[in-house]
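Trainee: Test case, fold it:
(one chain, ligands or ions: 1)
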Amino acid sequence: MHFAPTEDHEILRQAVRDFAEKEGKPTAAERDEAMEWPANLVKKMGELGFLGVAVSDEYGGAGLDYISYAIVIEELSRVDASLGVIASVNNSLVCYGIEKFGTEEQKREFLVPLASGRSLGAFSLSEPGAGSDAASQKTTAVRDGDEYVINGTKNWVTNGDHADTIILMTITDPSKGHRGITAFLVDTHLPECKIMKVENKLGIRSAHSCQMAYDNYRVPAWRRLGAEGEGFKIAMTILNAGRIGIAGQALGIAQGAYEAALEYAKIREQFGKPIIENQAIGFTLADMATRIKASRLLTYEAAWRKDNHMDFIEAASMAKLYASETAMWTATKAIQVHGSNGYSKEYPVERFFRDAKITEIYEGTSEIQRLVISRELAK
Ligand code: CAA
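Mentor: Numbers count the residues shown, from 1 in each chain. Predicted structure coming up:
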């Protein structure tokens, strides 16, 4: 396996780190507290190419590989996981889906602005009754001449209230189960597409997750992504790639929490010496560093497999599963290393702890990742 980052990857990492430290870090805690959407930072990320990292330059992207994409999401999330998920959704859940399944017309119309940061995307699969069981879609799309009429409610649409274009999953033929699901590229700026609420969440609060409703929403047939009935396959394929992004996000959260704990353990003195000199603390930091390294290797390997056109479903699920559980574990321990200071909003680790939890849930819970991996093993 040859998935070690190259010199170019390290140059990119430094550029993203500089941006995240200089532009993201100073306002991260404040934006989190206020649930403030980082409009200026999203604009800058677009200008820097962070919203279309692996999209070919022909379609407005940076034309880099998936390891670069993982590094971008990791470095953003090391400082602010909200920035990480905003970028991740646009990159892999939206741009990747259009580049892979879209017509030339759809790529020109939607992908170019999305990948170059001139517009923002969201992906809409979850519903009140369709979480892990993604195939049980209730949002209907009924053909009417050259249009489809869409009705239904979608939950947990990350970027929803700031997105211009959404990849929306609907059911066009309920009798066919998952083979009756159809995807569309919808424009959010029509009155029949409504934001019902922005969730007040535990973590990643500066990234918005919305409930959205479609009320007799008319979409022209040329905006259908793929054929009728191909939507479930499209959603699953998109999520395979998206899971590499969430693995990168979890990795960044774990790295940020670990660095904060390490720094604190070196300067905090109790019983006349820095607490890192206690074996209990030193060993905790050693375990953090080891698990983070393993997460990084899994994440880059999944990205490398995708770059090399190899099967990466199992690798992406393993990376997402392991990195997200590492993020949660590391952030929990990072608070413990900080003692009661870790419980205060004066320190960043409580935010990493709150942000880590979602990585075990969205784009497939840890239980779904284990299901995917075990099914792949059984093949
Ligand atoms: N990649 C490609 N195709 C896949 C696939 C995958 N990972 N998993 C399943 N498929 C295909 C199967 O091959 C099958 O195809 P055929 O029609 O040709 O037979 C079809 O999909 C149905 O597969 P299953 O019978 O396995 O479907 P299922 O209903 O038993 O279970 C599941 C599938 C894996 C549980 C799936 O529902 C799943 O992944 N659930 C989790 C949903 C999820 O990740 N939601 C995230 C929401 S988006 C989000 O979180 C965004 C955000 O905010 C950041």
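
Trainee: List the buried residues of the lengthiest helix in the chain.
Mentor: For the chain, the helix with the greatest residue count under DSSP state H is helix 231-267. Within helix 231-267, the residues that count as buried by 16 or more other C-beta atoms under 10 Å are 231-262, 264-265. C-beta coordinates here come from the backbone N, C-alpha and C atoms, glycine included.

Trainee: just stretch 21-37 next, same as before
Mentor: By 16+ other C-beta under 10 Å, the buried positions in stretch 21-37 come out as 23-24, 27-29, 31-32, 37.

Trainee: Which positions in this protein make contact with the ligand?
Mentor: Proximity of the chain to the ligand is confined to 85, 89, 123, 125-126, 132-135, 156, 158, 178-179, 232-233, 236-237, 239-240, 313, 362-364, 368, 371-372 under the rule C-beta under 6 Å from any ligand atom.

Trainee: Buried ones among the residues you listed?
Mentor: The buried subset of the residues of the chain next to the ligand - by 16+ other C-beta under 10 Å - is 85, 89, 123, 125-126, 134-135, 156, 158, 178, 232-233, 236-237, 239-240, 313, 362-364, 368, 372.

Trainee: Just the ones of those residues in helices?
Mentor: Per DSSP H, these map to helices at 85, 232-233, 236-237, 239-240, 313, 368, 372.

Trainee: Spatially, which two of those are the most separated?
Mentor: Greatest spatial distance among those (C-beta to C-beta): 85 and 233, at 24.1 Å.

Trainee: returning to that earlier point: need the ones in helices among the buried ones among the residues of the chain next to the ligand in TSV (columns: pLDDT).
Mentor: Rendered in TSV, the data for these read as follows (pLDDT from 0 to 100):
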residue	pLDDT
85	98
232	98
233	98
236	98
237	98
239	98
240	97
313	98
368	98
372	98
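
Trainee: can I assume residue 31 sits in a helix?
Mentor: Yes: counting by DSSP: H, G, I helix; E, B strand; the rest coil, residue 31 is located in a helix.

Trainee: Just give the nearest non-adjacent residue to it, would you?
Mentor: Distances taken as C-beta to C-beta, 6 or more residues apart in numbering put residue 206 closest to residue 31, at 4.0 Å, once the chain neighbours are dropped.

Trainee: Per-residue pLDDT of that neighbour, please?
Mentor: Predicted confidence (pLDDT) for residue 206: 98.

Trainee: And residue 1, by the same measure?
Mentor: For residue 1, the pLDDT comes out at 62.

Trainee: Report all helices and strands that the helix or strand hosting residue 197 contacts.
Mentor: Assigned by DSSP states H and E, residue 197 belongs to strand 193-198. Using 3 or more C-beta pairs under 8 Å, 6 or more residues apart in numbering; DSSP states H and E as the contact test, the elements touching strand 193-198 are strand 209-220.

Trainee: Send me the strand it packs on as PDB with only the CA atoms.
Mentor: Extracted C-alpha coordinates of strand 209-220, given in PDB (Å, rounded to 0.1, in the frame of the first residue of the first chain):
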ATOM      1  CA  SER A 209     -29.000  21.200  10.300                       C
ATOM      2  CA  CYS A 210     -32.600  21.800   9.100                       C
ATOM      3  CA  GLN A 211     -35.900  20.300   8.700                       C
ATOM      4  CA  MET A 212     -37.300  21.200   5.300                       C
ATOM      5  CA  ALA A 213     -40.700  20.700   3.700                       C
ATOM      6  CA  TYR A 214     -41.700  20.500   0.000                       C
ATOM      7  CA  ASP A 215     -45.200  21.500  -0.700                       C
ATOM      8  CA  ASN A 216     -46.200  20.800  -4.300                       C
ATOM      9  CA  TYR A 217     -42.700  21.700  -5.400                       C
ATOM     10  CA  ARG A 218     -42.300  21.500  -9.100                       C
ATOM     11  CA  VAL A 219     -39.000  20.400 -10.500                       C
ATOM     12  CA  PRO A 220     -38.200  20.100 -14.300                       C
END
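
Trainee: Tell me the first helix or strand C-terminal of it.
Mentor: Next along from strand 209-220, by DSSP H and E: strand 224-225.

Trainee: Residue 26 belongs to a strand, doesn't it?
Mentor: No: counting by three-state DSSP, residue 26 is not part of a strand but helix.

Trainee: From residue 140, how far out is it?
Mentor: Separation of residue 26 from residue 140 (C-beta to C-beta, to the nearest Å): 46 Å.

Trainee: for residue 183, same thing?
Mentor: To residue 140, residue 183 is 14 Å away according to C-beta to C-beta.

Trainee: Now do the domain split for this protein, please.
Mentor: Following automatic domain parsing, one finds the domains of the chain at 7-120, 122-232, 233-378.
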